[in-house]
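K.L.:
Any chance you can model this:
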Amino acid sequence: MVFIYIILSAILLYYAIKYGIRDGLIDRDAHKEELIYLNKCASLFKEIGDVYSATNKEKKTDAYKLYDASLDVLLSEKASKEKYEAMLEFKKRIVYLTSES
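P.N.:
Down below sits the predicted model:
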């Protein structure tokens, strides 16, 4: 009797894993463009953080405001493409701020 339970649970586990992986792959393919933009946004946020940490003390508060605003955009409920465009704008502004002397 125990042997039958083991075989039955193995079969159920097989189908659960099979359909779980299939649904995961389908979901990933459906949201591929969104995932690409989110990855680009995370990369831009890292670059903004690097520029922020390299700013001098005189412009640190302005750079912090841009860094904080970019974090808010990254965590917002906007569409991924809108987030990416906003993050590009923040990167341009923070680079301009640090290069301005």
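
K.L.:
quick one, what contacts the spatially most central residue of the chain?
P.N.:
The C-alpha lying nearest the average C-alpha coordinate of the chain belongs to residue 38 (Cα atoms, centre = their mean; 4.0 Å). Residues counted as contacts of residue 38 (Cβ atoms under 8 Å, 6 or more residues apart in numbering) are 80, 83. Any C-beta I mention is one placed from the backbone N, CA and C, and that applies to glycine too.

K.L.:
at 6 Å what do you get?
P.N.:
Each residue near residue 38 by Cβ atoms under 6 Å, 6 or more residues apart in numbering is listed here: residue 80.

K.L.:
how is this structure carved up into domains?
P.N.:
In the domain annotation for the chain, the residue ranges read 1-30, 32-101 (automatic domain parsing).

K.L.:
Can you say which of those is packed in most?
P.N.:
The highest mean neighbour count among the domains of the chain belongs to domain 32-101 (a mean of 15), with neighbours defined as mean count of other Cβ atoms under 10 Å.

K.L.:
still on that earlier bit, comparing the domains of the chain by mean pLDDT, which bottoms out?
P.N.:
Within the domains of the chain, the least confident segment by mean pLDDT turns out to be domain 1-30, at a mean of 86.

K.L.:
What's the first helix or strand after the longest helix along the chain?
P.N.:
Once the chain is assigned using DSSP state H, the helix that runs over the most residues is helix 2-30. Using DSSP states H and E, the helix or strand that directly follows helix 2-30 along the chain is helix 32-53.

K.L.:
Dump that next one to PDB, keeping only the CA atoms.
P.N.:
Extracted C-alpha coordinates of helix 32-53, given in PDB (Å, rounded to 0.1, in the frame of the first residue of the first chain):
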ATOM      1  CA  LYS A  32       9.800  39.700 -21.900                       C
ATOM      2  CA  GLU A  33       9.900  43.400 -23.000                       C
ATOM      3  CA  GLU A  34       8.800  44.500 -19.600                       C
ATOM      4  CA  LEU A  35      11.600  42.500 -18.000                       C
ATOM      5  CA  ILE A  36      14.200  44.000 -20.400                       C
ATOM      6  CA  TYR A  37      13.100  47.500 -19.500                       C
ATOM      7  CA  LEU A  38      13.200  46.800 -15.800                       C
ATOM      8  CA  ASN A  39      16.700  45.400 -16.100                       C
ATOM      9  CA  LYS A  40      17.800  48.500 -18.000                       C
ATOM     10  CA  CYS A  41      16.200  50.700 -15.300                       C
ATOM     11  CA  ALA A  42      18.100  48.800 -12.600                       C
ATOM     12  CA  SER A  43      21.300  49.300 -14.500                       C
ATOM     13  CA  LEU A  44      20.600  53.000 -14.900                       C
ATOM     14  CA  PHE A  45      19.800  53.300 -11.200                       C
ATOM     15  CA  LYS A  46      23.200  51.700 -10.400                       C
ATOM     16  CA  GLU A  47      24.900  54.200 -12.700                       C
ATOM     17  CA  ILE A  48      23.000  57.100 -11.000                       C
ATOM     18  CA  GLY A  49      24.100  55.800  -7.600                       C
ATOM     19  CA  ASP A  50      27.700  55.700  -8.800                       C
ATOM     20  CA  VAL A  51      27.600  59.300 -10.100                       C
ATOM     21  CA  TYR A  52      25.900  60.400  -6.900                       C
ATOM     22  CA  SER A  53      28.600  58.800  -4.700                       C
END
